Structures are given as structure tokens and as C-alpha cells.
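# could you work out the structure for the sequence below:
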Amino acid sequence: MLDGSVGLLDRAIAYTCGQLAGVQPDMLDRPTPCARWSLGNLLAHMEDALDAFTEAAGGRVAVGCAGCAPGPVPAIQAKAIALVTAWTRPTPGDVVLEAATGRLELQSRLLVSTAALEVTVHGWDVGRATGRDVPVPTELAADLLEVATWLVDPADRGVRFAPARPVPAGASYDQRLLGFLGRT
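Just a heads-up that it's a prediction; the model follows:
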């Protein structure tokens, strides 16, 4: 059943849309916590990911690098909301992922949880780049930390995620989540 993962995605979208509200056109060259990524690059990546996750709700997605400039922030926010809407409708079940490296079937629940993780963490990245240092809400961070621990494989380190960073004892869930994903 997708209910739990779609609810998680909905909370992720709400947080990230709030972070996107702080983006101004003159900020696109700002650095982000993602090494070598400007805010403009990150927004383009987010937009491409939102499109792919929305397409996946139809049961199939072709992965490719668009390499385009980001659209206006309200368009990105609208795509984020459309993503949740797409996954609240009946879905075909597992999703077929087609990439240059081959074909892979993913469980829809895993895909939606992955989308929630990506959307939230990049929302946090946007907030850092714009100076809106809003922490990930505690309950959302706790739920995503659980997702991240079974989703992020050691082979992902240095490729999709930086090495995990230490966090102080008693750290909040958002600090633990971000540290696990290699952010400070």
C-alpha cells in the first residue's frame, strides 16, 4: 500500500515548497551544500527529478540527463504538487526504470520514499543556499532517516552521497539525517 509513502512525500513537498519560496532570480549562481553545484544547477536537477518521479506514477520512466536551465520557481513548486497528485491516483504497481545501463523494476513504495528523501534533502540544500536555514521538521526527518538507512548503500558514497559525517550525541533527527547523507 502506498498510503504511508505518499504521506511522507506530501510532507516532503510541503517542506521543500516552503524552502523554494526563498529563491530569487539573482541567487542562481550561489553555491549549495552539494559540491560543485550552484543553486541554478540544483533547481534544474530538482525539476528533472520531479518530472521523472511524476512520470514513474504511470508505471514507466526513462532516465536521461536533460541538462537544461531550471524553470521559474512557481513552475517547480507546481511540479512538486503534481508529483503528490500523480501518486494519489491508482498506480500500476511496480515501476519499470529504463536507463542506458539497462532495465530495472522498482517497488512503487520504494520509489515514492526515495522521492520524499530526495525532495526533502534538496529542499534543505535550497534553504542553505538562500540563507533560509529552516531545519527539516522532526517527524519528517525521523521517518526519512529510517528510509535513508535502508536506501543508501556504501557503494553510493562518493557517487550519489558524500561520506557520512559524525553528529554530536543527542543530535536532532534532522542533524542525524543530514549527517548520514554527508551534509553538515
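# measure residue 184 to residue 45 for me?
As for residue 184, its distance to residue 45 is 20 Å (criterion: Cβ to Cβ, to the nearest Å). In this view, the C-beta of every residue, glycine as well, is placed from N, C-alpha and C.
# out of those two, which sits in the busier spot?
residue 45 (20 against 11; other Cβ atoms under 10 Å).
# and the helix or strand that the more buried one is a member of, what's buried?
For residue 45, the enclosing helix or strand under DSSP states H and E is helix 39-56. Buried residues in helix 39-56, counted by 16 or more other Cβ atoms under 10 Å: 39-50, 52-56.
# again, but for stretch 125-135
The neighbour-count check on stretch 125-135 (16+ other Cβ under 10 Å) flags 125, 126, 127, 128, 129, 130, 132, 134, 135 as buried.
# got TSV for these, with distance to residue 152 and pLDDT too?
Conversion of the buried residues of stretch 125-135 to TSV gives the following (distance: Cβ to Cβ, whole Å; pLDDT from 0 to 100):
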residue	distance to residue 152	pLDDT
125	16	95
126	20	96
127	21	96
128	20	96
129	22	96
130	26	96
132	25	89
134	23	93
135	20	95
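# just the residues you listed: which are in helices?
Cross-referencing those with the helices (criterion: DSSP state H) gives 125, 126, 127, 128, 129, 130 as the overlap.
# which single one of the residues you listed is nearest to residue 166?
In terms of Cβ to Cβ, no member of these lies closer to residue 166 than residue 128, at 19.1 Å.
# without its sequence neighbours, what residue ends up closest to the closest one?
With Cβ to Cβ, 6 or more residues apart in numbering as the measure, residue 33 is the residue that lies nearest to residue 128, at 5.2 Å, once sequence neighbours are left out.
# next: residue 89.
Computed as Cβ to Cβ, 6+ apart, the closest residue to residue 89 that is not its neighbour in sequence is residue 57, at 7.2 Å.
# make sure I have this right: the residue nearest to residue 128 is in a strand.
No: residue assignment for residue 33, taken from DSSP: H, G, I helix; E, B strand; the rest coil, gives coil, which places it outside any strand.
# which residues touch the residue positioned nearest the centre of the chain?
Nearest to the mean C-alpha position of the chain, by Cα atoms, centre = their mean, lies residue 118 at 1.6 Å. Contacts here follow Cβ atoms under 8 Å, 6 or more residues apart in numbering; on that basis residue 118 touches 49, 53.
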